[in-house]
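Asks: Build me a structure from this.
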Amino acid sequence: MIDSGEHPSGISRRKFAQLLAVSGSAALLPAAELRALERPRLPIPTAPPSADDSFWTLVRGQFALDDDLTFMNAANLCPSSRPVIESLYQRARDLDRDPSPDTKERLIAQREETRRLLAEYLRVSPEEILLTRNTSEANNTVSSGLALTPGDEVVIFADNHPSNHVAWRDKAKRFGFTVTVVNAVSPHPGPEHYLDQFRKAITPRTRLVAFTHVTSTVGDVFPARELCALARERGALSLVDGAQTFGVLDVDLSQMQPDFYTGSGHKWPCAPRGTGVLYVRRTAHAALSPSIISLYPGSVGISRSHEGIGQRDEPAMIAFGQALRVQLTIGRPAIESHARELAQALIAGLSSMDGVKVWTHPEPARSASIVAFQPGSLDPRKLARALYQNDRITSQVRGGEDRPGLRLSPHLYNTHADVERTLGAVRRYLASGV
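Replies: Sure, this is the predicted structure:
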C-alpha cells in the first residue's frame, strides 16, 4: 500500500503526475485525477465503531474525484482510489519498460495474490476463484459452460441483468433446453414470496436456478442463501449474480453456498475496469466446461483449466487486489452499514416530497444501497442532465415502462452531506422545473 509522498519508483507525486501527463498512461488519469494525485495522502483509515461523516470524508480523500462532484452512481461504475491508480500505473509502467517473459512471469505471480485476496474476501478457497473481466463474462462462462440439452430446464428471475436473462434464452434456442421465468413483483413482496415462487417453478428437470442477489433496477434484495439451499435440495445448481452486492455488502459465500457467484471489479469494489470474479463451488467444477482454451491460465484449482484465455491485463488484475485491500482495511461491515444508511436517508427524503414515487422498498431487509424513484412529472433525462451540469450530482436514468425515473447508488466515498445536497437539488427542480 502506498502511503507516503514518494512513489515506489522514488519520484515525487508531482513528478509522477507530470510523467503520466506525457505518457500513454495519461488516458488512465484525467486532469482532475492528476491534480488530486499531487495532494498528500494519508494512510487508508480503519473505520471506528461509530464512523461518522468526518471518517467517510477521510475515505473520500483516498479518491481522485473532483472536489465539487457528488457521485451517486456506484451501481454503474465506480472510481478507483488513489492506491489502486498508483498500483495500476506502477505495474503497467514495469511491463511497458520491459515486456519480457521475466516481467510477465513476475506479474502473473502477483496476479495470483489477487486470487488469494478474492478468496479471503468472499470466504472461500483460491482453488474456486476465476479472474474474469466483469459480471457479464462470468455469467456467460456459466451459461456457455454447462452441458444443457433438450429436456433440461433453467429457472431464472425476470429482473435479472441481460447477461443472466437474455443470454439464457438465446442459448436455449440454440441447444433446446427450456427457460422458466419467475416474475418480479413491485414493490418487493418479501423473501417468502420469492422462495414460494421458485419452489413452485423448480421441477425434476431443473438443472440450474439463476437469480440476481440485488436487482440493478430498484435494489430489491433476494434471499440468496435460502434460494441456493432450495436449489441444492431439488438437485439443481445455483448461479447468483452479485454485480450489485460484491464490494458493498459483506458477502460470505461460505454461508450463502451458491454453486456460482459473479461480480465486477469496476462497480462497488472500486477496482480497475476490465476486472471481475467468478466463484465456482468445488463440487461444481466438473459440471462446467471451459468456453475458451488458450495460454496463461491460473495456477490453482479451476483456474488451471478455465482461465487460459490468452494475454491478459495483469496490471489491472493486480490493482484489483489493491482495491480489495483498501476495503478490507476500512472494514467491510462498516462499508455495508454506511452505504445502507445513506440509501435509507435518500429513501426517507425522497418519500417526503410531493409527487415523487420511490420504487425501492423502504425496509432495509428488502433493499440495499440502490434507490430508484420517479421524480413526479419531471422528465428523468432532463433532471439527470440538470443535476449533473448545474449541481455536479451524478445519477443514472432508468427509461422504459418498468419503474422509470432516476437511480441513485451511494457508496463509501459519499457522506450524509452528499445526500442532503442531492435531496435539496431534487426538491428545487420539483418546484422550479427543468
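
Asks: Kindly check the end-to-end length of stretch 268-277 for me.
Replies: Distances were taken as CA to CA, to the nearest Å; on that basis the terminal residues of stretch 268-277 are 13 Å apart.

Asks: which ones are touching Leu287?
Replies: Actually, residue 287 is Ala. It isn't Leu. Residues counted as contacts of Ala287 (CB atoms under 8 Å, 6 or more residues apart in numbering) are 146-147, 237, 259. Where C-beta positions appear, they are placed from N, C-alpha and C, glycine not excepted.

Asks: List only buried entries from these.
Replies: 146, 237, 259 (16 or more other CB atoms under 10 Å).

Asks: Mind putting the residues you listed into TSV with secondary structure?
Replies: Listed next are these as TSV, based on DSSP: H, G, I helix; E, B strand; the rest coil:
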residue	secondary structure
Leu146	strand
Leu237	strand
Asp259	coil
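
Asks: the helices in the stretch 1-150 of the chain, which residues?
Replies: 13-21, 31-38, 53-60, 82-97, 101-122, 135-145 (DSSP state H, counting those that start in this stretch).

Asks: Outline the domain layout of the chain.
Replies: Following automatic domain parsing, one finds the domains of the chain at 108-327, 333-432.

Asks: Columns mean pLDDT and distance to Leu77 on top of the ones you listed, output as CSV?
Replies: Supplementary listing: the domains of the chain in CSV, determined by pLDDT from 0 to 100; distance: least, CB to CB, whole Å:
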stretch, mean pLDDT, distance to Leu77
domain 108-327, 97, 6
domain 333-432, 97, 9
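
Asks: Would you mind giving these as JSON lines with distance to Asn73 added?
Replies: Compiled in JSON lines, those are given as follows (distance: least, CB to CB, whole Å):
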{"stretch": "domain 108-327", "distance to Asn73": "10"}
{"stretch": "domain 333-432", "distance to Asn73": "5"}
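
Asks: tell me the pLDDT at Pro40?
Replies: On pLDDT, Pro40 comes in at 57.

Asks: re the thing from before, relative to Phe246, which of the contacts of Ala287 is nearest.
Replies: Asp259 (16.3 Å; CB to CB).

Asks: how about stretch 90-100: buried residues?
Replies: In stretch 90-100, the ones that count as buried by 16+ other CB under 10 Å are 90-95.

Asks: Stretch 359-367 now?
Replies: In terms of neighbour count (16+ other CB under 10 Å), stretch 359-367 has its buried residues at 359-361, 366-367.

Asks: Next, report how far that stretch is displaced from the centre of its chain.
Replies: Remark: stretch 359-367 is offset 19 Å from the chain centroid, using CA atoms, centre = their mean, to the nearest Å.

Asks: What angle do helix 135-145 and the longest strand that the chain contains make with each other?
Replies: Among the elements of type strand in the chain, defined by DSSP state E, the one spanning the most residues is strand 206-212. Regarding strand 206-212 and helix 135-145, their directions subtend 170 degrees when assessed with axes from the mean of the first three to the mean of the last three CA atoms, to 10 degrees.

Asks: Touching strand 206-212 from outside, list them.
Replies: Residues external to strand 206-212 that are found in contact with it (CB under 8 Å, 6+ apart): 139, 142, 146, 148, 152-157, 159-161, 164, 168, 177, 180, 182, 198, 202, 222, 224, 227, 230-231, 234-241, 243-244, 259.

Asks: Next, name the residue at the spatial heart of the protein.
Replies: Within the chain, the residue whose C-alpha comes closest to the C-alpha centroid is Lys267; the distance, by CA atoms, centre = their mean, is 3.6 Å.

Asks: from memory that residue sits against Ala243, does it?
Replies: Yes - in this structure, Lys267 is within contact of Ala243 by CB atoms under 8 Å, at 6.2 Å.

Asks: sorry, back to before: Three-state assignment for the residue nearest to the centre of the chain, please.
Replies: On the three-state scheme (three-state DSSP), Lys267 is labelled coil.

Asks: can you pull the contacts of it?
Replies: 74-78, 243-244, 246-247.

Asks: filter those residues to the buried ones?
Replies: The neighbour-count test (16+ other CB under 10 Å) marks 74-75, 78, 243-244, 246-247 as buried among these.

Asks: and Thr262, that's in a strand?
Replies: Yes - checked against three-state DSSP, Thr262 lies within a strand.

Asks: For Arg174, see how far away it is.
Replies: Applying CB to CB, to the nearest Å, the value for Thr262 to Arg174 is 21 Å.

Asks: And Glu233, how close does it get to Gln257?
Replies: Glu233 sits 12 Å away from Gln257, taking CB to CB as the criterion.

Asks: So which of the two has more stuff around it?
Replies: Each of Glu233 and Gln257 had its neighbours counted (other CB atoms under 10 Å), and the higher figure belongs to Gln257 (19 against 10).

Asks: Next up, the contacts around the closest residue to that one other than its chain neighbours.
Replies: Residue nearest to Gln257 in three dimensions, not counting chain neighbours: Cys228, with 5.3 Å by CB to CB, 6 or more residues apart in numbering. Neighbouring residues of Cys228 by CB under 8 Å, 6+ apart: 238, 240, 256-259.

Asks: Cys228 and Gln255: what is the separation?
Replies: 10 Å.

Asks: What of His411?
Replies: Using CB to CB, we find His411 at a distance of 23 Å from Gln255.

Asks: can you check Thr70 too?
Replies: In this view, Thr70 and Gln255 are 34 Å apart by CB to CB.

Asks: what does Tyr413 give?
Replies: In this structure, Tyr413 and Gln255 are separated by 28 Å, where distance is defined by CB to CB.

Asks: what about those two, which has more around it?
Replies: Ranked by neighbour count (other CB under 10 Å), Tyr413 and Gln255 place Tyr413 first, with 22 against 10.

Asks: close enough to count as contact, that one and Thr70?
Replies: No - counting by CB under 8 Å, Tyr413 does not reach Thr70; the two are 9.9 Å apart.

Asks: hey, what's Val155 bridged with?
Replies: Beta-bridge partners for Val155, by DSSP bridges, are Thr180, Val209.

Asks: Now do the same for Glu105: its pLDDT.
Replies: For Glu105, pLDDT reads 94.

Asks: distance of it from Ser367?
Replies: When distances are taken as CB to CB, Glu105 and Ser367 turn out to be 46 Å apart.

Asks: and if you look at Leu65?
Replies: Counting by CB to CB, the gap between Leu65 and Ser367 amounts to 25 Å.

Asks: Off-centre distance for stretch 105-123?
Replies: In terms of CA atoms, centre = their mean, the centre of stretch 105-123 is set 18 Å apart from its chain centre.

Asks: Good, we can wrap up now.
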